[in-house]
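> fold the following, please.
(2 chains)
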Number of protein chains: 2
Amino acid sequence: MFDVAELGSKVSKAEFEAAAPGLRVDLLNAQFDLAGAPFSVLVVLLGDDLHGVDAVLDRLHEWMDARYIDTHVLLEAEDDADRPPFWRFWRALPPRGRVGLYVGGWPLDALSRCLGSDPADEAGFARDLDHHERFEAALAADGTLLLKFWIHLPEKEHKKRLKRRAKRKLQLEDADWEVTRRYEDVTRLGEKLIQRTSTSRAPWLVIEGTDDRHRDLTAARAVRDAIRGRLEDGGETQATSTVSVASAPDALSQVDLASELPRDEYKQRRDAAQEALFQLAIRARETRRSPVLVFEGWDAAGKGGCIRRITQALHVRDYRVVPIAAPTDEELARHYLWRFWRQLPFPGRLILFDRSWYGRVLVERVEGFAREDEWRRAYDEINDFEQQLADAGMPVIKFWLHLDPDEQLRRFREREATAYKKYKITEEDYRNRDRWDEYVLAVNEMVARTSTLSAPWTLVPANDKRFARVQVLETVCERLKEAMDS
Amino acid sequence: MFDVAELGSKVSKAEFEAAAPGLRVDLLNAQFDLAGAPFSVLVVLLGDDLHGVDAVLDRLHEWMDARYIDTHVLLEAEDDADRPPFWRFWRALPPRGRVGLYVGGWPLDALSRCLGSDPADEAGFARDLDHHERFEAALAADGTLLLKFWIHLPEKEHKKRLKRRAKRKLQLEDADWEVTRRYEDVTRLGEKLIQRTSTSRAPWLVIEGTDDRHRDLTAARAVRDAIRGRLEDGGETQATSTVSVASAPDALSQVDLASELPRDEYKQRRDAAQEALFQLAIRARETRRSPVLVFEGWDAAGKGGCIRRITQALHVRDYRVVPIAAPTDEELARHYLWRFWRQLPFPGRLILFDRSWYGRVLVERVEGFAREDEWRRAYDEINDFEQQLADAGMPVIKFWLHLDPDEQLRRFREREATAYKKYKITEEDYRNRDRWDEYVLAVNEMVARTSTLSAPWTLVPANDKRFARVQVLETVCERLKEAMDS
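Take a look at the predicted model:
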């Protein structure tokens, strides 16, 4: 496949100098128009020609307005080695209206892992590519314009250049020799990577690096044409085909809301579970695992109370509570999962989300804040996200606190009668009650679509607060024990 | 001094239950009003009573609206051990309108370092406290309401509780035994810490932990009263007394703008410096140092060109360029230095700032975006910031690119005649020229106030681009060599 990039294409100096000024104007204009458009551009630079990659990066910085480019060098993992592999790629995403340049990135991750294993772990390589596809699909669906460039040098040219550089003692490091020594492996795997992951939403462009001018013009034109093309499409995100599902089973109706716990039994089981939890959290710290607890439920179902029964049991160093409120402008400018990825804690700590990414398929769905294609694809995106967490030693434990509308109303009234709880009840809470049935549908579909083996939902009867709290505490202990013993 | 917190103060159950509901309402109202106020609240929790600290934290979460509290457990450094010590305290700052709770924080840092050295490094302790004072002064001047709580238990009570907990196998870890074993050291140093760092802008409150109810009420009331008090002051930042300085020497007039470099000499010196720089960057990576390069200068003075001559010489993994444009809302909601602290790179990489924190004393001063007391105190804040970077293996290298107004005008015109440079010239650039003299004053004062031994300014004659580029390259090499050899 690299044959097409071994044609020895050349651009004369005169041709280059004739083309460059116009191209620079085009690029700057494209960047200017992009600033007001509802999508971001992400260019991934990679290749067997390491110096070519550097040079293209420099060129794009020179020809575009570097002040509006977010460049990230994402080679091997560094301080982020303990997090899920995609954490650093998520974290670095450019906001809408800007260009991001990733050197290396997720394609390099897969290559390096495969090259680093002996024999090459091609099954792992295929698995990695599946993750890539899902990541790219999520970005593309969110409107990100994705481009991937592979800078290629024919083998002969490679050797020639290395020798020349070595003679001049110029910019040479082990990595350069490594690519040359394993040239065949690198290009064979590179070819496989490109074939497997070149999609219309994230196409690869193989660029021959033999001639500098040809290389730079080709890369810069590709960036210009892609931005310009998308701008002319109106920058609209294509709605992905929505899977239509048979209506989800009514899981909520199966919850036994009559469940209760007498005070004595409550105290005894709560204390036992809290003590067990305390010890489990220390084990989590020592084994650097970070369980992720998600709390969702009806208004006034008692999420805060459950969370406090957990945190009370723990040393402050062993947990972190993340309440989810309105997103900031930095968060609004990116894929909706970005704000959750950025919260992932230092390993070895429980993280408790008071509301979560499920807002996408609950309030945003019901209130119409997200389009149907947006919340529909969220199920898969969420499953992939949670799978990545679980794979990285962050078991996901999810609770829906369920109560009936009468009990909710009783609690609203009670809160209104208690001075320090009054603030918790607003007009909106009453309005939400009008949409009870729509929320029931949304919850049922959420449970059906996102209760997975590695991250199952626990539906908690919460008409009785004592019962709910103990069930939450005991479930957390159970799941932690399982995770720790596995 | 802890005597005052060994009085055995108690609050009866009845008294507590009578006071709590009103206090909760007050706290929630204070928090609500704070949301619209122009300052943040930062409460630091620390003490010899570790469980008391946990309990106060839990109580504040219960009584306030935990969704609007940013809690950070800042015990010993973890993934952040390579950065300047204050990086993690800066990074976690709450935005205006919110409450931050730090468990441990910078006071704990100083205590731990001193307790960890044998014999106790009291000189180092005093040095640490100086840094604290500057940090607190910067926050206070920015309007942050700072409270520090020390939860204290008399020694007898300590031992009694530990034994009781041990018997019940409850929540006990090495840290608990450690405090008891070294009780005398901890309280002696704690007392010193409190005496030295209790200021009107960041007062300590010592709270006796013997009685839970007394402890919680005291802490919660202190939070309420402090927020309420500040709100009633109008939430205004007090202008700190401004140092009036004799006019700064006219350093700019000393720059020899006639400096030139012929093309041949330029090429030769540029190539030599670039090659040296490449090697130095590898050494920086290997020794995990992160030089910080700052580029300031007149419009059209050639900052971008200088930066590119540096990055061209480096492997992409060895540098990161941070262009400084308009702040985001997350950035605007915090101290102006926050956005620079958050950019500090993974150790072992050059970081190049295209414009920087000096905007505060340049454009923000001249255009009136910052009040006089704000930009006046910025000199000291910046010096302290850069000193901290230098101490953490991040030598700061600063350039002001100087040219004369005629040359600037010539370049503006030239840019307007070049299609792909046109975009760089706006109305604003011409407007800035009208304030040339004011900028000269600001630059001269900036140089006089912030050219320090560890972070001196280099004023670069930039009428001739070749001369400027070579001077920048060679200065960077020189400074890096010095830093690496020291």
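> got the residues of the stretch 1-150 of chain A near chain B?
A:21-22, A:24-25, A:28, A:32, A:53-54, A:57-58, A:61-63, A:65-68, A:71, A:73, A:75, A:78-79, A:103 (C-beta under 8 Å from any C-beta of the partner chain). For the C-beta atoms, the positions are set from N, CA and C on the backbone; glycine is no exception.
> ok, 7 Å please
Contact residues, the stretch 1-150 of chain A versus chain B (C-beta under 7 Å from any C-beta of the partner chain): A:21, A:24-25, A:28, A:32, A:54, A:57-58, A:61-62, A:66-67, A:71, A:73, A:75, A:78-79, A:103.
> now, which of these lie within strands?
Secondary structure assignment by DSSP state E places A:71, A:73, A:103 of these in strands.
> now residue A:257: how far from chain B?
Separation of residue A:257 from chain B (C-beta to the nearest C-beta, to the nearest Å): 26 Å.
> wait, isn't that residue in contact with residue A:404?
Yes - under the criterion of C-beta atoms under 7 Å, residue A:257 makes contact with residue A:404 at 5.5 Å.
> coming back round to it: make CSV from the ones in strands among the residues of the stretch 1-150 of chain A next to chain B and add pLDDT and neighbour count to it.
Compiled in CSV, those are given as follows (pLDDT from 0 to 100; neighbours: other C-beta atoms under 10 Å in any protein chain shown):
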residue, pLDDT, neighbour count
A:71, 91, 24
A:73, 89, 21
A:103, 94, 22
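> which among these gets closest to residue B:253?
Minimum distance to residue B:253 across those is 37.6 Å, recorded for residue A:71 (C-beta to C-beta).
> mind checking how far that closest one is from residue B:401?
Between residue A:71 and residue B:401 the computed distance is 22 Å (C-beta to C-beta, to the nearest Å).
> can you pull out the helices in the stretch 301-450 of chain A?
In the stretch 301-450 of chain A, the segments counted as helices under DSSP state H, counting those that start in this stretch are A:303-311, A:329-332, A:338-341, A:363-366, A:372-391, A:405-417, A:427-434, A:436-450.
> ok, back up a step: and the ones in strands among the residues of the stretch 1-150 of chain A next to chain B as CSV, adding distance to residue B:353?
Below are those laid out as CSV (distance: C-beta to C-beta, whole Å):
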residue, distance to residue B:353
A:71, 14
A:73, 17
A:103, 20
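> next step: the residues of the stretch 1-150 of chain A next to chain B restricted to helices.
A:21, A:24-25, A:28, A:32, A:54, A:57-58, A:61-62 (DSSP state H).
> find residues that contact each of residue A:257 and residue A:404.
Listed as contacting both residue A:257 and residue A:404 by C-beta atoms under 7 Å, 6 or more residues apart in numbering or on different chains are residue A:463.
> returning to what we had before: the helices of the stretch 301-450 of chain A: which one's closest to chain B?
Chain B lies closest to helix A:329-332 among these, at 4.7 Å (C-beta to the nearest C-beta).
> identify each buried residue in that closest one, please.
In terms of neighbour count (16 or more other C-beta atoms under 10 Å in any protein chain shown), helix A:329-332 has its buried residues at residue A:331.
> same check, this time on stretch A:405-421
A:407-408, A:411-412, A:415, A:420-421.
> and the longest helix anywhere in chain A, what does it pack onto?
As assigned by DSSP H, the longest helix anywhere in chain A is helix A:263-286. Contacts defined by 3 or more C-beta pairs under 7 Å, 6 or more residues apart in numbering or on different chains; DSSP states H and E place helix A:263-286 against helix A:465-485.
> contact partners for residue A:325?
So residue A:325 contacts residue B:67 (C-beta under 7 Å, 6+ apart).
> how much space between it and residue A:355?
Per C-beta to C-beta, residue A:325 is found 8 Å from residue A:355.
> flag every residue of the stretch 301-450 of chain A that's near chain B.
A:304, A:308, A:311-312, A:315-317, A:321, A:323, A:325, A:328-330, A:346, A:354, A:419-420, A:423.
> what does stretch A:399-413 rub up against?
Against stretch A:399-413 from outside (C-beta under 7 Å, 6+ apart): A:252, A:255, A:257, A:294-303, A:306, A:425, A:429, A:433, A:436, A:443, A:457-463, A:468, A:472.
> what of stretch A:68-84?
By C-beta under 7 Å, 6+ apart, stretch A:68-84 touches A:31, A:35, A:57, A:61, A:87-89, A:92, A:94, A:98-105, A:108, A:112, A:288, A:344, A:347, A:388-389, A:391-392, B:79, B:316-317, B:321, B:346.
> let's see 6 Å
Contact with stretch A:68-84 is made by A:87-88, A:92, A:94, A:98-105, A:344, A:347, A:388-389, A:392, B:79, B:316-317, B:346, as judged by C-beta atoms under 6 Å, 6 or more residues apart in numbering or on different chains.
> give me the buried entries from those residues.
Buried among the contacts of stretch A:68-84 (16+ other C-beta under 10 Å): A:87-88, A:92, A:94, A:98-105, A:344, A:347, A:388-389, A:392, B:316-317.
> quick one on the thing from earlier: and the helices of the stretch 301-450 of chain A as a markdown table, adding mean pLDDT and distance to residue A:198?
Below are these laid out as a markdown table (pLDDT from 0 to 100; distance: least, C-beta to C-beta, whole Å):
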| stretch | mean pLDDT | distance to residue A:198 |
| --- | --- | --- |
| helix A:303-311 | 95 | 45 |
| helix A:329-332 | 90 | 31 |
| helix A:338-341 | 94 | 25 |
| helix A:363-366 | 94 | 33 |
| helix A:372-391 | 92 | 20 |
| helix A:405-417 | 93 | 51 |
| helix A:427-434 | 86 | 45 |
| helix A:436-450 | 95 | 29 |
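> ranking those by burial, who's on top?
Burial of these is given as mean neighbour count (mean count of other C-beta atoms under 10 Å in any protein chain shown); helix A:303-311 ranks first at a mean of 21.
> tell me the bridge partners for residue A:74.
residue A:104 (DSSP bridges).
> so what's the residue count around it?
Residues within reach of residue A:74, counting by other C-beta atoms under 10 Å in any protein chain shown, total 21.
> OK, contacts around the residue of the stretch 101-250 of chain A found nearest chain B?
Distance from chain B to each residue of the stretch 101-250 of chain A (C-beta to the nearest C-beta) is smallest for residue A:103, at 5.0 Å. Applying C-beta under 6 Å, 6+ apart to residue A:103 gives the contacts A:45, A:73, B:316.
> does the last one touch residue A:54 like I think?
Yes - the criterion here is C-beta atoms under 6 Å, and residue B:316 meets it with residue A:54 at 5.4 Å.
> does the nearest residue to residue A:1 once chain neighbours are set aside lie in a helix or a strand, and which?
Nearest residue to residue A:1, sequence neighbours excluded (C-beta to C-beta, 6 or more residues apart in numbering or on different chains): residue A:191, at 4.9 Å. For residue A:191, the host element (DSSP states H and E) is helix A:183-197.
> quick check: angle from the helix or strand that comes right after that helix to helix A:183-197?
Following helix A:183-197 in sequence order, the next helix or strand is strand A:204-208 (DSSP H and E). Counting by axes from the mean of the first three to the mean of the last three C-alpha atoms, to 10 degrees, strand A:204-208 lies at 150 degrees to helix A:183-197.
> that'll do, ta.
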